[in-house]
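Novice: What follows is a protein structure lacking sequence information:
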DNA sequence: GATGAATGAGATTTCATTCAT
DNA sequence: AATGAATGAAATCTCATTCAT
């Protein structure tokens, strides 16, 4: 059996194990057995547990980013439409590969080297989002560009909301209140949640404490 | 030294260790040493690693919920103001006890018993938030109550955004773009991000794909 | 509370614990708690686990030997009658204090110092038995005294049979085949088992291989 | 080195250790070192201390039962001869493998699962013995079959006597009174001790208190 | 006379990792 | 290319034992 195939089997098994048990609790024994190979072979191909985890993380990062980029590829549509497309792609992907997403989630709290990789991916996606927001601002004849720090905060809020919604949409809790929502429904929920606020912001309108009607 | 004092020392050390290394990687040896006691004493007082972790989680849940409840206690103010107060308390708390928050974050991916405790806390806070949103809807002369599933999704989005913002606000990344933002600033960012959207939703206005200006 | 009373409580608790769990598995914690006192008090009175076990063993040895001696005290009766009396006393005692007997049983396999104490007790009882056998030989006009080694072997066989019967009589297995047998019944069983053989031996008759009818 | 060989080495070392120190006091460290392997290998092959002990017990049970069965295999000889053959085989075995016998002895007081295995073995041997006694009764033109409980008691007495004699024969004490007795001598001692009594019993004769000559 | 507080030492068990073949 | 055999290191947890009061 060719090396590439064997390697993918190992990565598949590793992603499943890391997703279910976490980095520490997943054992190389179990991964090797699940992959249907002997432990020395895993070490021959992937060097160590750390590198194996890194390989998993990189693969899943690539898959996620590719999915989102593919979703926002369509040109000639308005910024909010593109954002919606990207979100839909994101939610579709998280529904499709829950283990991969779980591995990325685990990696964020697994020490510097892993956390950094995921952080870099978040930056990549945030950049994408930020770009869309900026274009939306332009489209809307926005008065001025908000401070970098504010944009950064907004982007983090958006991504955090998306992650939380993805987790909720794929949990059993959501299914209890009817069928699990589709990716499009979830994306719409998030757009509803934030779009008006973002639009206002871009136009320079601000919510301030003590000023509500 | 009296038992209560020692127990608090142990919990402090354990929270720090669990926050930094996670449940599995934090060792009882290190925790005992950090607490300035011997390992057997930790076991005498806290029974096992699992119960120690549980004790940490419960303590931090209590502290977080108390902080947020305290923030929303003030009566006679509008709903958005109360939400803002609660968010400010939340961000102040996360800035004040980053380790405690990290422990709660870890607990969510550490198996059923722990995850359930945190989930229960999230439900408690979501209920609080939902109540405020409902009152806001009333204040705004809202046309109809949105479906339960939609409200649930919105609340998850809000909480996720808050968590993500808290993490970002306390990270070094935020400091790089100027001083770390205050709790009030972060709360304002989040209100700006979502309030208009929520208000629209309550009034029955919806964002729909393909309908943007 | 006077020291003697406290000490007896401790010994009672210790005997029960050692009987149930064995020397190693019985913990000083449990013994102290069962005795209703704190651990340091146990150490104050009984020095160490080893000495505590020794005290238990000595007490139970004393009780057992006293019971058997009491049983054989009656003068002016034939030797077999005295032996039967002694056996009855032995089985009555083992039925009455199963924990004490169990401790002695455990002590036999618990290393030199303890095993020696029990061995000494066995010697004491064996001497008693041997004396009765000798007198029986005289009564029966026995031809000659058997070799010391043979007598020793016989005595061990008798004691072993008695111990095994005691254990069986107090086990649930015996109760399954009707009510548990009384001490007198068990003693009769053992007398039936061996008396004729012993009598023959004393008269010089021997069982030899290949000579059965 | 092949797995089977290593496993036997481990069992040999474990039997020796359990025999000398008992289940609790024997440490896996010592067993591994005595077997000339590392501790993890012991766990890899034997799973746990409990299973290791079980494996020892089962092996020694098998060896002992096989030895006794082999001894009683010879057909066409009288019942007492067969019993003597079986006893000789038993004493030869206990002299040959004192550690194995000691392990079985320990197992009887080491908790339900172990005690049950040994009890089952005792039942097996008791059945064998009971069969021989029954045949002997037939040979002797026995009047009637004694009650089940009485037979059970007699068998227990016989086995207990045999165990006690075996222990004595292999102890230093026996050697002090001349050379240690051979298996045939010990078997003869036991036959002398009980055979006449058993024969009487089979014929319906009973020893009763107060009726001695 | 009695105890709450505390620990050094050692138990079983698991895991990532490497040879020799 | 692939593996059965093997281990060093470290994890969680328990226990007999002693102070200071």
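Specialist: All right, it came through fine. Source: prediction; values computed, not measured. Numbering: from 1, shown residues only, chains lettered A, B, ... in the order given.
Novice: and the lengthiest helix in chain A with DNA strand E, contact?
Specialist: Identified as the longest helix of chain A according to DSSP state H is helix A:112-139. No - judged by Cβ under 7 Å from any atom of the strand, helix A:112-139 stays clear of DNA strand E, getting no closer than 13.4 Å. Every C-beta, even on glycine, is put in place using the N, C-alpha and C of the backbone.
Novice: which helices and strands sit right next to the helix or strand following that helix?
Specialist: Downstream of helix A:112-139, the first helix or strand assigned by DSSP states H and E is helix A:148-170. Counting contacts by 3 or more Cβ pairs under 8 Å, 6 or more residues apart in numbering or on different chains; DSSP states H and E, helix A:148-170 is packed against helix A:79-96, helix A:98-107, helix A:112-139, helix A:183-202, helix B:148-170, helix B:172-176, helix B:183-202.
Novice: same thing but 6 Å
Specialist: Applying 3 or more Cβ pairs under 6 Å, 6 or more residues apart in numbering or on different chains; DSSP states H and E, we find helix A:148-170 packed against helix A:79-96, helix A:112-139, helix A:183-202, helix B:148-170, helix B:183-202.
Novice: Can you list the buried residues in that helix?
Specialist: Residues of helix A:148-170 classed as buried by neighbour count (16 or more other Cβ atoms under 10 Å in any protein chain shown): A:149-170.
Novice: Tell me the secondary structure of residue A:210, please.
Specialist: Judged by DSSP: H, G, I helix; E, B strand; the rest coil, the three-state class of residue A:210 is coil.
Novice: what's the closest non-adjacent residue to it?
Specialist: Nearest residue to residue A:210 in three dimensions, chain neighbours excluded: residue B:81, at 6.8 Å (Cβ to Cβ, 6 or more residues apart in numbering or on different chains).
Novice: Let me see the domain layout of chain A.
Specialist: A:1-46, A:56-202 (automatic domain parsing).
Novice: Tell me how many other residues crowd residue A:100.
Specialist: Residue A:100 has 23 neighbours, counted by other Cβ atoms under 10 Å in any protein chain shown.
Novice: How about the contacts made by the spatially closest residue to it that is not a sequence neighbour?
Specialist: Leaving aside its chain neighbours, residue A:100 sits nearest to residue A:60 (3.9 Å; criterion: Cβ to Cβ, 6+ apart). Residues near residue A:60 by Cβ atoms under 6 Å, 6 or more residues apart in numbering or on different chains: A:100, A:103, A:104.
Novice: For residue A:60, what are phi and psi?
Specialist: With angles defined as degrees, to the nearest 10, residue A:60 sits at phi -70, psi -30.
Novice: so what's it scoring on pLDDT?
Specialist: Residue A:60 carries a pLDDT value of 97.
Novice: Tell me how far residue A:98 lies from residue C:206.
Specialist: Look at residue A:98 and residue C:206: by Cβ to Cβ, to the nearest Å, they are 85 Å apart.
Novice: on that earlier part again, what is the nearest of the contacts of residue A:60 to DNA strand F?
Specialist: Distances from DNA strand F to the contacts of residue A:60, taken as Cβ to the nearest atom of the strand, are shortest for residue A:103 (23.0 Å).
Novice: Quick one: classify residue A:21 as helix, strand or coil.
Specialist: Per three-state DSSP, residue A:21 ends up helix.
Novice: count of residues packed around it?
Specialist: Residue A:21 is flanked by 16 other residues according to other Cβ under 10 Å.
Novice: where's the closest residue to DNA strand F within chain A, which helix or strand?
Specialist: Nearest residue of chain A to DNA strand F: residue A:40, at 3.0 Å (Cβ to the nearest atom of the strand). Assigned by DSSP H and E, residue A:40 falls within helix A:39-46.
Novice: Check the burial of residue A:116 by counting its neighbours.
Specialist: The burial count for residue A:116: 12, using other Cβ under 10 Å.
Novice: Check the gap between it and chain B for me.
Specialist: Separation of residue A:116 from chain B (Cβ to the nearest Cβ, to the nearest Å) stands at 12 Å.
Novice: and residue A:192, what does it touch?
Specialist: Residue A:192 touches B:201, B:207, counting by Cβ under 6 Å, 6+ apart.
Novice: Which pLDDT value belongs to it?
Specialist: 85.
Novice: Please apply the same query to the one 5 residues further on.
Specialist: Confidence per residue is given as pLDDT, and for residue A:197 that number is 81.
Novice: Residue B:194 is in contact with that one, correct?
Specialist: Yes - between residue A:197 and residue B:194 there is a contact under Cβ atoms under 6 Å: 5.1 Å.
Novice: ok, these two, which is more surrounded?
Specialist: When residue A:197 is set against residue B:194 and neighbours are counted by other Cβ under 10 Å, the residue ahead is residue B:194, at 27 against 24.
Novice: tell me the SS of residue A:4?
Specialist: Per three-state DSSP, residue A:4 ends up helix.
Novice: can you count the residues close to it?
Specialist: Using other Cβ under 10 Å, residue A:4 has 8 neighbouring residues.
Novice: Check the spacing between the residue nearest to residue A:100 and residue A:15 real quick.
Specialist: Distance from residue A:60 to residue A:15, by Cβ to Cβ: 7 Å.
Novice: follow-up on the earlier one: mean neighbour count, the domains of chain A: which tops it?
Specialist: Most buried of the domains of chain A by mean neighbour count (mean count of other Cβ atoms under 10 Å in any protein chain shown) is domain A:56-202; its value is a mean of 19.
Novice: now check it, is it near DNA strand F?
Specialist: No - applying Cβ under 7 Å from any atom of the strand, one finds domain A:56-202 separated from DNA strand F by no less than 14.5 Å.
Novice: First-to-last residue distance for that domain?
Specialist: 38 Å (Cα to Cα, to the nearest Å).
Novice: For the residue lying closest to residue A:106 once chain neighbours are set aside, give its distance to residue C:204.
Specialist: Spatially, and ignoring its direct neighbours in sequence, residue A:106 is nearest to residue A:22 (5.5 Å; Cβ to Cβ, 6+ apart). Distance, residue A:22 to residue C:204, by Cβ to Cβ: 81 Å.
Novice: Helix, strand, or coil at residue A:73?
Specialist: Applying three-state DSSP: residue A:73 is coil.
Novice: what's the spacing between it and residue A:13?
Specialist: Distance from residue A:73 to residue A:13, by Cβ to Cβ: 32 Å.
Novice: show me what contacts the nearest residue to residue A:126 once chain neighbours are set aside?
Specialist: Excluding the flanking residues, the one nearest residue A:126 by Cβ to Cβ, 6+ apart is residue A:155, at 4.4 Å. For residue A:155, the contacting residues are A:126, A:129, A:130, by Cβ under 6 Å, 6+ apart.
Novice: returning to that earlier point: worst mean pLDDT among the domains of chain A?
Specialist: Lowest mean pLDDT within the domains of chain A: domain A:56-202, a mean of 86.
Novice: how far does it sit from the chain's center?
Specialist: A distance of 6 Å separates the centroid of the chain from that of domain A:56-202, by Cα atoms, centre = their mean, to the nearest Å.
Novice: can you check stretch A:199-212 too?
Specialist: For stretch A:199-212, the distance to the chain centre is 29 Å (Cα atoms, centre = their mean).
Novice: buried sites along that stretch?
Specialist: When burial is assessed from 16+ other Cβ under 10 Å, stretch A:199-212 yields the following buried residues: A:199, A:200, A:201, A:202, A:207, A:212.
Novice: so can I have JSON lines of those showing distance to residue B:186?
Specialist: Listed next are the buried residues of stretch A:199-212 as JSON lines, based on distance: Cβ to Cβ, whole Å:
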{"residue": "A:199", "distance to residue B:186": "21"}
{"residue": "A:200", "distance to residue B:186": "18"}
{"residue": "A:201", "distance to residue B:186": "15"}
{"residue": "A:202", "distance to residue B:186": "20"}
{"residue": "A:207", "distance to residue B:186": "13"}
{"residue": "A:212", "distance to residue B:186": "19"}
